[in-house]
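K.L.:
Any chance you could fold what I've pasted below:
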Amino acid sequence: MAKRRQKNIELERQLSKRKMIFRVVSMVVAVAIVLAVGIGIWTVQDGRWIMRYDGGRVATTDFRTVFYLGFQNDPMAREVALESTQSIIALRDRAIYHNVDFTPEERANFEFDAEMMRNQLIMNQGFDSIPFVSNARLAELFYTEPLSERLKDIYFPTYNVDEDEIAPLLEEYLEEMLYRHLDLQVYILILDDLEEMEEAYSMIGTVDFEDIMRQFSPGMDEDSEVEAESAVEFSDWITDPEDREHLLGLEAGEYSRIIEWHEDGITLYFLFHAISREDPDPDAAAEDFRERFINERRDESFFDLVMEWVEEANFVVNRRGYNTV
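P.N.:
All right, here's what the predicted structure looks like:
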């Protein structure tokens, strides 16, 4: 039950070194030079391609980019990264075939996002760690979601729900997860000092909670605007079931008790003031669950289909290019 609950909460986380040794024996110097130059050119050119398949070739830099940005060059993830690269190539080829490739607007937006990604890497590392790939290719490798959605609409426009399958899942969801559809807006005061939090708590009823937040919250002053947040989303932070139930049980206008939170040696204290509350509608929650169930099944079916496309593509890995990464 706990595993299923966690799964639903998180409902809105993957794809012989050949070394040529040439020995020239008893040959004139001129012939040796010509042969060496020819071999060098062939080796460099051959290393540029990591895979060949029925539709063409895949650049080694594609795999290098996916392996680095998607899998942090983890040696244990090399094969998964290779499969992910194959999936991207197969998906993009199929999108082009169905004329649902990137629109000009999407391409412009995604290339801008890719530029921002590159700039962030430069800021974090002090240099461009991906000079081998263009922003245009970054966009094609990492922003394929609209292609997936359009292809999914072509191949799996809907999913026929088995009512016998979904009925027990829906019943369990409404029993355990209905609270996820609660609309409870709260002000939140977060402090790391218990004495300060107790002082703030003692002022409730005599000072507006917004002013309490301005007085005690680091980074806020008397002119700072206080914004309400979703208690349901914040409740994921709270591991104690009684504290979570206490928070989600607040009515509009009520204040929580001081809630203590620990993780990785850090202790924080929370205080909530409920601003508004709208209880969940079971019928709307059931409809939402049904829609997400259908989309999950469509996603699963589409993923299996992409894997079929990968197999049909007959990818042949060039170990020379693979081993250069």
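K.L.:
Could you use CA atoms for every contact and neighbour count after this?
P.N.:
Noted.
K.L.:
For Arg277, list the residues it contacts.
P.N.:
Taking CA atoms under 8 Å, 6 or more residues apart in numbering as the criterion, Arg277 is in contact with Leu182, Asp183, Leu184, Gln185, Glu251, Ala252.
K.L.:
mind listing what the second one touches?
P.N.:
By that I understand Asp183. If you count contacts by CA under 8 Å, 6+ apart, Asp183 has them with Ser230, Ala231, Val232, Ser276, Arg277, Glu278, Asp279, Pro280.
K.L.:
Run through the bridge partners of the nearest residue to the first one once chain neighbours are set aside.
P.N.:
In other words, Ser230. Of all residues not flanking Ser230 in the chain, Gln185 sits nearest, at 4.9 Å (CA to CA, 6 or more residues apart in numbering). Gln185 has these beta-bridge partners by DSSP bridges: Ser230, Ser276.
K.L.:
on that earlier part again, just the buried ones from the contacts of Asp183?
P.N.:
When the contacts of Asp183 are checked for burial by 16 or more other CA atoms under 10 Å, the buried set is Ala231, Val232, Arg277.
K.L.:
just the residues you listed now: which is nearest Leu247?
P.N.:
When those are compared for distance to Leu247 (CA to CA), Ala231 wins out at 7.3 Å.
K.L.:
Can you tell me which of the contacts of Asp183 lies closest to Glu199?
P.N.:
Ala231 (22.9 Å).
K.L.:
where's that closest one relative to Arg214, distance?
P.N.:
Distance of Ala231 to Arg214, given as CA to CA, to the nearest Å: 20 Å.
K.L.:
which residues in the stretch 51-200 of the chain form helices?
P.N.:
60-65, 71, 78-97, 104-125, 135-142, 145-155, 163-177, 194-202 (DSSP state H, counting those that start in this stretch).
K.L.:
Convert the third one to CSV, retaining C-alpha atoms only.
P.N.:
This file holds the C-alpha atoms of helix 78-97, laid out as CSV (Å, rounded to 0.1, in the frame of the first residue of the first chain):
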residue,chain,number,x,y,z
ARG,A,78,26.8,3.6,-21.3
GLU,A,79,24.5,1.0,-22.8
VAL,A,80,21.4,2.8,-21.6
ALA,A,81,22.7,6.0,-23.1
LEU,A,82,23.4,4.2,-26.4
GLU,A,83,19.8,2.8,-26.4
SER,A,84,18.5,6.3,-25.6
THR,A,85,20.4,7.7,-28.5
GLN,A,86,18.9,5.1,-30.8
SER,A,87,15.4,5.8,-29.5
ILE,A,88,15.8,9.5,-30.2
ILE,A,89,17.1,8.8,-33.8
ALA,A,90,14.3,6.3,-34.5
LEU,A,91,11.6,8.6,-33.1
ARG,A,92,12.9,11.6,-35.1
ASP,A,93,13.0,9.6,-38.3
ARG,A,94,9.4,8.5,-37.8
ALA,A,95,8.3,12.1,-37.1
ILE,A,96,9.9,13.2,-40.3
TYR,A,97,8.2,10.3,-42.1
